[in-house]
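Trainee: Okay, here's the prediction I keep looking at, along with the sequence it came from:
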Amino acid sequence: MSTVLIIALVGFYSASFYNLIFPSASLLDLIIVGLAGGLILLFSILVHELSHSLVAQKYGLKVSEIELYLFGGVSKIEEEPKTPKSEVIISIVGPLSSLLMGAIFLLFVYLPLNLHPILAVTLFYSGISNIGLGIFNLIPAFPIDGGRILRAILWKRRKNLLSATKSASRVGVFVGYILMAYGFIQILTTGLLNGFWLILIGNFLTSSARNSYNQTRNEFILSNISVKDMLSTPNLSIPIHIPVDIALRDYFYPYKKSYFPVNQGFDIVGMVNIRDIKKTPINRRAEISVGNIMKKISEFPSIDDKKSGKIAFQRLSMITDDPVLLVVKDSESERFIGFIGKNELVSSLKFWSSHMPDLEIKK
Ligand SMILES: [Zn+2]
């Protein structure tokens, strides 16, 4: 979708540019210029992103996909770079390739080749756009390329990726606000369209700076805590022989939770979900016990308490069954000691982000 939009938009601008130089241009000429301009810029953005991806892969980072946006693309690199140096190199190749492509396009225009006006204008427009793209991406606003370079420099200096990301994201948020403010001024003074794009880009930058910081922070927290720091120990469980109607009356309704652990003596043996209770016929709820409909503990994916939070997160995100729960076992005795679900994940991120130093960014 955004691919078509990029071609249409850039095409529209490059055709208007051609029309400015040759006011008597025919509609066919304008369509050709527009299509060529759009396709060349799309190709240029792909080359820019591909250069990031290839270098990132060379440094052993996984790249899942390239997303295209109106003003460029974003290579989805799944992990944080391992060293400041690799981050600088991965980040700088993109703007460099844009600047290089821009220079090559412009070179063709200035060589005495006697180009057809359509080709000359298209090459000129593509050259200027690539140089613009290269320069824009060098602005030190995280998470765009220049901001990643800034983060790497701060990271090397402070030896702290998180604090470096925090400062670089603040610049990103700040630059985003400046772009939006400038967009508003443009709308008031010159016209709607240019201001509109600036506001869109500024807003995108501000929100992606915040999101990228939060992601880095969450990853930092998860790699620094263990499963033991995240689990909840059930403080209330339903004895296995309790009939379903009593479980509803004494547990589900008063505590308003959608599932409860089931115990047999001192052991937690399963988990009963309100959804499964609802499936039982109402007239038989006094005979059916929670033990009959519970899901056994052994059927849940498990994790031992010494594993890192990051591994718990990865396992949780692979679970598709409801409730999304990981059973935590003591690494020595293999006994059930608690569980981790979405709630535990959210509340531990929240708790540890305010109890680890230097973590917060003002919204
Ligand atoms: Zn880039």
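Mentor: Thanks, I have the structure now. Numbering: from 1, shown residues only.
Trainee: Most proximal residue of the stretch 1-150 of the chain with respect to the ion?
Mentor: The nearest approach of the stretch 1-150 of the chain to the ion comes at Gly94, 3.0 Å away (CB to the ion). Bear in mind the C-beta positions are built from the backbone N, C-alpha and C, glycine included.
Trainee: quick one, strands of the stretch 151-300 of the chain?
Mentor: 238-239, 259-264, 267-273, 295-296 (DSSP state E, counting those that start in this stretch).
Trainee: Next, the buried residues of the longest one.
Mentor: Neighbour counts over strand 267-273 (16 or more other CB atoms under 10 Å) mark Ile268, Val269, Gly270, Met271, Val272, Asn273 as buried.
Trainee: quick one: which of those residues is nearest Ile118?
Mentor: Nearest to Ile118 among these is Asn273, at 66.1 Å by CB to CB.
Trainee: for this structure, where's the lowest mean pLDDT among helices and strands?
Mentor: Sorting the helices and strands of the chain by mean pLDDT, DSSP states H and E puts strand 72-77 at the bottom, at a mean of 60.
Trainee: After that strand, which helix or strand is next?
Mentor: Sequence order places helix 84-110 as the next helix or strand after strand 72-77, per DSSP states H and E.
Trainee: Please give the number of neighbouring residues around Asn114.
Mentor: 6 (other CB atoms under 10 Å).
Trainee: let me redo that: Lys159
Mentor: Lys159: 10 surrounding residues under other CB under 10 Å.
Trainee: ok, it to Glu80 distance?
Mentor: Lys159 sits 15 Å away from Glu80, going by CB to CB, to the nearest Å.
Trainee: Likewise for Arg170?
Mentor: With CB to CB as the criterion, Arg170 and Glu80 are 18 Å apart.
Trainee: So Val328 lies in a helix, does it not?
Mentor: No: under DSSP: H, G, I helix; E, B strand; the rest coil, Val328 falls outside any helix and is assigned strand.
Trainee: which ones are touching it?
Mentor: Going by CB atoms under 8 Å, 6 or more residues apart in numbering, Val328 touches Val227, Lys228, Leu231, Ser302, Ile303, Asp304, Asp305, Phe336, Ile337, Gly338, Phe339, Ile340.
Trainee: so the fifth one bridges to which residues?
Mentor: Same thing as Ile303. For Ile303, the beta-bridge partners are Val328 (DSSP bridges).
Trainee: So it sits against Leu316, correct?
Mentor: No: using CB atoms under 8 Å, Ile303 is not in contact with Leu316; the gap is 9.1 Å.
Trainee: so what sits against both of the two?
Mentor: Leu326, Ile340.
Trainee: in the stretch 201-350 of the chain, what residue is nearest the ion?
Mentor: Going by CB to the ion, the ion is nearest to Ser208 of the stretch 201-350 of the chain, at 12.8 Å.
Trainee: Run through the residues that contact Gln57.
Mentor: Val63.
Trainee: angle of the helix or strand hosting it against helix 84-110?
Mentor: Per DSSP H and E, Gln57 falls inside helix 27-58. In terms of direction (axes from the mean of the first three to the mean of the last three CA atoms, to 10 degrees), helix 27-58 departs from helix 84-110 by 150 degrees.
Trainee: shaky segments in this structure?
Mentor: 1-3, 64-79, 356-363 (pLDDT under 70).
Trainee: So the closest residue to Gly270 other than its chain neighbours versus Thr320, what's the distance?
Mentor: Using CB to CB, 6 or more residues apart in numbering and skipping residues adjacent in sequence, the residue nearest Gly270 is Met294, 3.5 Å away. The gap separating Met294 from Thr320 is 20 Å, by CB to CB.
Trainee: who has more neighbours, the two?
Mentor: More crowded of Met294 and Thr320, by other CB under 10 Å: Met294, with 21 against 6.
Trainee: for the residue nearest to Pro234 when sequence neighbours are not counted, which residues make a bridge with it?
Mentor: Among residues not flanking Pro234 along the chain, Pro261 sits closest, at 4.3 Å (CB to CB, 6+ apart). Beta-bridge partners recorded for Pro261 (DSSP bridges): Met271.
Trainee: so what's Pro261 up against?
Mentor: Pro234, Leu236, Ser237, Ile238, Ile268, Gly270, Met271, Phe339.
Trainee: Please point out which parts of stretch 326-343 sit buried.
Mentor: For stretch 326-343, by 16+ other CB under 10 Å, it's Leu326, Val327, Val328, Lys329, Phe336, Ile337, Gly338, Phe339, Ile340, Gly341.
Trainee: Quick one: neighbours of the nearest residue to Ser167 once chain neighbours are set aside, just the number.
Mentor: Distances taken as CB to CB, 6+ apart place Leu154 nearest to Ser167, at 5.6 Å, with adjacent residues excluded. Number of residues near Leu154 (other CB under 10 Å) recorded here: 21.
Trainee: Then Val262?
Mentor: 27.
Trainee: Ok, Lys296 next?
Mentor: There are 11 residues near Lys296, going by other CB under 10 Å.
Trainee: dump the residue contacts of it.
Mentor: Lys296 neighbours (CB under 8 Å, 6+ apart): Val269, Gly270.
Trainee: One more: the one 5 residues further on?
Mentor: In this structure, Pro301 makes contact with Arg315, Ile319, Leu326, Val327, judged by CB under 8 Å, 6+ apart.
Trainee: What about the ion: which of the buried residues of stretch 326-343 touch it?
Mentor: Subset of the buried residues of stretch 326-343 in contact with the ion: empty, counting by CB under 5 Å from the ion.
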